[in-house]
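[1] From the sequence below, what's the structure:
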Amino acid sequence: MFNDNGSFLLALFEFFLFLAWFMCLFWVFGDIFRSKDLGGGGKTLWVIFVILVPWLGILVYLIARGGGMQQRQLEQMQAMRSAQAEYIQSVAGSSATSATDQIASAKSLLDSGAITQAEFDSLKAKALA
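    Residues are numbered from 1 along each chain as shown. The predicted structure is shown next:
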């Protein structure tokens, strides 16, 4: 397959260029679809341009819109982080009730006979801890 070391190195270089182009393609497509300031038509034109003229399309995109790529990625990361924090707060907030609510629910269980006085005392101590 490889006649000499030069053909192997050339194949290795071509493989490297292909992988580099593929990574850049994913970064550019991710930025195109992440961008909120582009409409559907603008996104379509950029995608068609990048697909039809791959290297030139990526280079033109990086020159034209590359300055805001980092900012758009940071905005997406902050939005994901705030959504995650909101979700964690909603889950933790729904299970974490106040001590008075826990004692009141334990008292209602004690009054209905579902738990004993010892169980009520342990629930009360746990709520106050």
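[2] Show me what counts as buried in the helix or strand of the chain with the lowest mean pLDDT.
    Of all the helices and strands that make up the chain, the one with the lowest confidence by mean pLDDT, DSSP states H and E is helix 69-95; it has a mean of 85. By neighbour count, with 16 or more other CB atoms under 10 Å as the criterion, the buried positions of helix 69-95 are 69, 72. The way it works is simple: take the backbone N, C-alpha and C, and place the C-beta from them, glycine included.
[3] repeat for stretch 34-43
    So for stretch 34-43, counting by 16+ other CB under 10 Å, buried means 35, 38.
[4] Quick one: distance of that stretch to the chain centre.
    When C-alpha coordinates are averaged (CA atoms, centre = their mean, to the nearest Å), stretch 34-43 and its chain have centres 20 Å apart.
[5] From one end of it to the other, what's the distance?
    Taking CA to CA, to the nearest Å, the span from the opening residue of stretch 34-43 to its closing residue is 10 Å.
[6] now swap in stretch 34-47 and tell me
    Start-to-end, stretch 34-47 (CA to CA) is 13 Å.
[7] Show me the contact partners of that stretch.
    Applying CB atoms under 8 Å, 6 or more residues apart in numbering, the external contacts of stretch 34-47 come out as 29, 32, 33, 57, 61, 65, 68, 72, 73, 76.
[8] which two in those residues are spaced the farthest apart?
    The two members of the contacts of stretch 34-47 with the most space between them (CB to CB) are 57 and 76, at 22.5 Å.
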